[in-house]
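>>> sequence first, then the predicted structure, then my questions.
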Amino acid sequence: MDFIKRVCYHKIMRKFQKNEIIQGKVVDLTHEGQGVIKVDNFPFFVENALPAEEIKMKVLKVGKNFGFGKVEEWLSQSPDRVQDVNVTYLRTGIADFGHMAYPAQLHFKRQQVVDVLRKNAHKPDFPVLETLGAEQETQYRNKAQVPVRSVNGRTETGFFRKNSHDLVPIHDFYIQSPEIDDLVNQVRESLIRLNIQPYDEQRKRGIVRNIVIRRGHHSGQMMLILVVTKEKFAGLSELVAEYSNKVDSFQLSINTSTGNAIFGSKFKLLSGKDYITDSMLGKDFQISARAFYQVNTAQAEKLYQLAYDFADLKAEDVVIDAYSGIGTIGLGMADKVAQVYGMEIIPEAVENAKTNAALNDITNAHYEVGPAEEVMPKWVQDGIQPDVIFVDPPRKGLDESFIKAATATQARTIIYISCNPATFARDVVRFEEEGYLLEKVQPVDLFPQTKHVETVALLTRKK
Ligand code: SAH
């Protein structure tokens, strides 16, 4: 029977030729923002095609299980299509959803969370709350990491084309604060004027690999970091003279590696302080070069506020702030609860968190360096008894040893902030096995115009 089915399947399976033109309707969107067209059940992924659009598509590539196509002609267009943007440029990698109206982006992000909860957590149609959208839909990023390369003999700054290291020169980054764009452009022109060579990845030559800039959303303070291949080079003193008064922190990061990590292990302070200060929800935070800091401050403030509201904090609560970064989440609620314990793997960030507690006259918060999956079991052994646990892990989600230890405390509530719905859904399954119930999930759009989905969730201990 199986054999017959397979034979029939092969008989009817259509062969596709490269450059063949196919007409079809876009039935779906990948999480990367490519339209999906199915011909005889064989899917093609198509750039710049939105759901419900009828298109003529040219076949670019045919694989075993899927292919890639390119729009030749739109027979109909989606009402959600944004007409006045340069889609080719945005979809090169800077803004995967720049061609989709903002309300549709928000809807799509929510739907992704619904889908992943169904697929990975066996929760059909979980009532995920509407995505909390941003007022500022572009120019929101407070941080840039811009590669510097030579393009046709000219030093250029821009971004790498998707899945490549080809630099696309660009001077308006669209989703980044304009003050950051201005500084990138100024620094590039200074490099040209001072004849400081950009890095050449192939030949492993040249000096400047990246320009990294951070800008305090509320404070306006600027940190400028040049990622370079050596500590001393001609033109450096001129750069210091030019930028020491323009930025609050000017640093070198010396990166001699051939890998993809932006920063090297060594930093050198050229002028100002080795941190900038910004504020969130009315508290001040020092942020050093290596520390994580949410790139969309206005939306991150909404995210944290929502997390506190979900937690229903009480004055006598002992709270854990896991994956704490510079302490933004824990310190933001320290004056509403009895104790805050936070842990974080980057030592500089924990130094910031401790200073930030003092800066805001907070004496009931304790921050420790270490991997959450080791610190959490240790705290349980030490007898720390949390009422509420906040987790805010990187994309890979939580480790089993963390979940075991966290749930063993029988904390009343777990607040899970996630930047990856897939690992979040996986971890929800574990929490539910250990006696918790997923009650609420809400996406908050921290990254308008891009594919990134952030969510906050409430899990409570079953009675
Ligand atoms: N809560 C902070 C930081 C969240 S980002 C904020 O809102 O700003 C996730 C943080 O987890 C980063 O600071 C990262 O350095 C840290 N991290 C990554 N892996 C970790 C681990 N295994 N244990 C503890 N912290 C980790």
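Cool, got the structure.

>>> following the helix or strand bottoming out on mean pLDDT in the chain, which helix or strand comes up?
In the chain, no helix or strand scores lower on mean pLDDT, DSSP states H and E than helix 2-12, which sits at a mean of 49. The helix or strand immediately downstream of helix 2-12 is strand 21-25, counting by DSSP states H and E.

>>> what's that next one packed up against?
strand 35-39, strand 54-62 (3 or more C-beta pairs under 8 Å, 6 or more residues apart in numbering; DSSP states H and E). Heads up, the C-betas are built off the backbone N, CA and C, glycines and all.

>>> at 10 Å what do you get?
strand 35-39, strand 42-46, strand 54-62, strand 67-74 (3 or more C-beta pairs under 10 Å, 6 or more residues apart in numbering; DSSP states H and E).

>>> for the ligand, find the nearest of those strands.
strand 42-46 (30.3 Å; C-beta to the nearest ligand atom).

>>> show the average pLDDT along that closest one.
Strand 42-46 carries an average pLDDT of 96.

>>> ok, residues contacting it?
By C-beta atoms under 10 Å, 6 or more residues apart in numbering, the residues outside strand 42-46 that reach it are 13-14, 16, 22, 24, 26-30, 32-38, 53, 55, 57-63, 65-71.

>>> ok, that strand: who's next to it in the sheet?
Paired with strand 42-46 in the same sheet, following DSSP bridges, are strand 35-39 (antiparallel), strand 67-74 (parallel).

>>> report the mean per-residue pLDDT for the longest one.
The reference is to strand 67-74. The pLDDT scores in strand 67-74 average 96.

>>> and the helices and strands packed on strand 21-25 as CSV, adding mean neighbour count and distance to K314?
Output for the helices and strands packed on strand 21-25, formatted as CSV (neighbours: other C-beta atoms under 10 Å; distance: least, C-beta to C-beta, whole Å):
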stretch, mean neighbour count, distance to K314
strand 35-39, 20, 47
strand 42-46, 20, 49
strand 54-62, 18, 55
strand 67-74, 17, 54
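
>>> pipe the ones you listed into TSV and attach distance to S279 per row.
Listed next are these as TSV, based on distance: least, C-beta to C-beta, whole Å:
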stretch	distance to S279
strand 35-39	41
strand 42-46	43
strand 54-62	47
strand 67-74	45
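
>>> how about JSON lines for these, with distance to the ligand added?
As requested, the helices and strands packed on strand 21-25 are exported to JSON lines (distance: least, C-beta to the nearest ligand atom, whole Å):
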{"stretch": "strand 35-39", "distance to the ligand": "31"}
{"stretch": "strand 42-46", "distance to the ligand": "30"}
{"stretch": "strand 54-62", "distance to the ligand": "36"}
{"stretch": "strand 67-74", "distance to the ligand": "33"}
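
>>> out of these, which gets nearest to E130?
Judged by C-beta to C-beta, the one of these that comes nearest to E130 is strand 35-39, at 23.8 Å.

>>> Y140 contacts H217, doesn't it?
Yes. Counting by C-beta atoms under 10 Å, H217 is a contact partner of Y140 at 8.5 Å.

>>> overlap of the contact sets of those two?
Shared contacts of Y140 and H217, defined by C-beta under 10 Å, 6+ apart, comprise S177, V295, N296, T297, A298.

>>> and those, which is closest to K246?
S177 (15.4 Å).

>>> how about stretch 244-263 against the ligand, any contact?
No. Stretch 244-263 lies out of reach of the ligand by C-beta under 6 Å from any ligand atom, never closer than 12.8 Å.

>>> stretch 415-433 too?
No. Legend: contact between stretch 415-433 and the ligand by C-beta under 6 Å from any ligand atom is lacking; minimum distance shown is 7.2 Å.

>>> which parts of that stretch are buried?
For stretch 415-433, the neighbour count (16 or more other C-beta atoms under 10 Å) marks 415-425, 427-428, 430-432 as buried.

>>> now stretch 127-134: buried residues?
V128, L129, T131, L132, G133, A134.

>>> out of those residues, which sit inside helices?
Using DSSP state H, no member of these falls in helices.

>>> which of those residues lies closest to S253?
For these, the nearest to S253 is A134 (30.2 Å; C-beta to C-beta).

>>> pLDDT score assigned to that closest one?
Note for A134: predicted pLDDT of 98.

>>> also D84?
Value for D84, per-residue pLDDT: 84.

>>> ok, it to G332 distance?
D84 is 38 Å from G332, where distance means C-beta to C-beta, to the nearest Å.

>>> more neighbours: those two, which one.
G332 (23 against 4; other C-beta atoms under 10 Å).

>>> hang on, D278 packs against D284?
Yes. At 7.7 Å, D278 counts as touching D284 under the criterion of C-beta under 10 Å.

>>> so which of the two has more stuff around it?
It is D278, of D278 and D284, that has more neighbours when counted by other C-beta under 10 Å, with 23 against 16.

>>> please name the nearest non-neighbouring residue to that one.
G216 (3.2 Å; C-beta to C-beta, 6 or more residues apart in numbering).

>>> check which helices and strands the strand or helix carrying D182 is in contact with.
Taking DSSP H and E as the criterion, D182 maps to helix 178-193. With contacts taken as 3+ C-beta pairs under 10 Å, 6+ apart, helix 178-193 sits against strand 143-151, strand 154-160, strand 208-215, strand 222-228, helix 236-243.

>>> buried residues in it, which are they?
I180, D181, L183, V184, V187, R188, L191.

>>> out of the residues you listed, which touch the ligand?
Among these, not one lies near the ligand by C-beta under 6 Å from any ligand atom.

>>> is it possible to export these to TSV including distance to A322 and pLDDT?
Shown next, in TSV, are those (distance: C-beta to C-beta, whole Å; pLDDT from 0 to 100):
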residue	distance to A322	pLDDT
I180	30	98
D181	35	97
L183	34	98
V184	34	98
V187	37	98
R188	40	98
L191	41	98
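
>>> select the longest helix from this protein.
helix 102-121.

>>> in that helix, what's buried?
102, 104-110, 112-114, 116-117, 120-121.

>>> for G69, list each beta-bridge partner.
V46, V59.

>>> show me where pLDDT drops low in this structure?
1-13, 91 (pLDDT under 70).

>>> the residue of it at minimum distance from the ligand and Q286, how far apart?
As assessed by C-beta to the nearest ligand atom, the ligand sits closest to G325 within the chain, at 2.9 Å. According to C-beta to C-beta, G325 and Q286 sit 12 Å apart.
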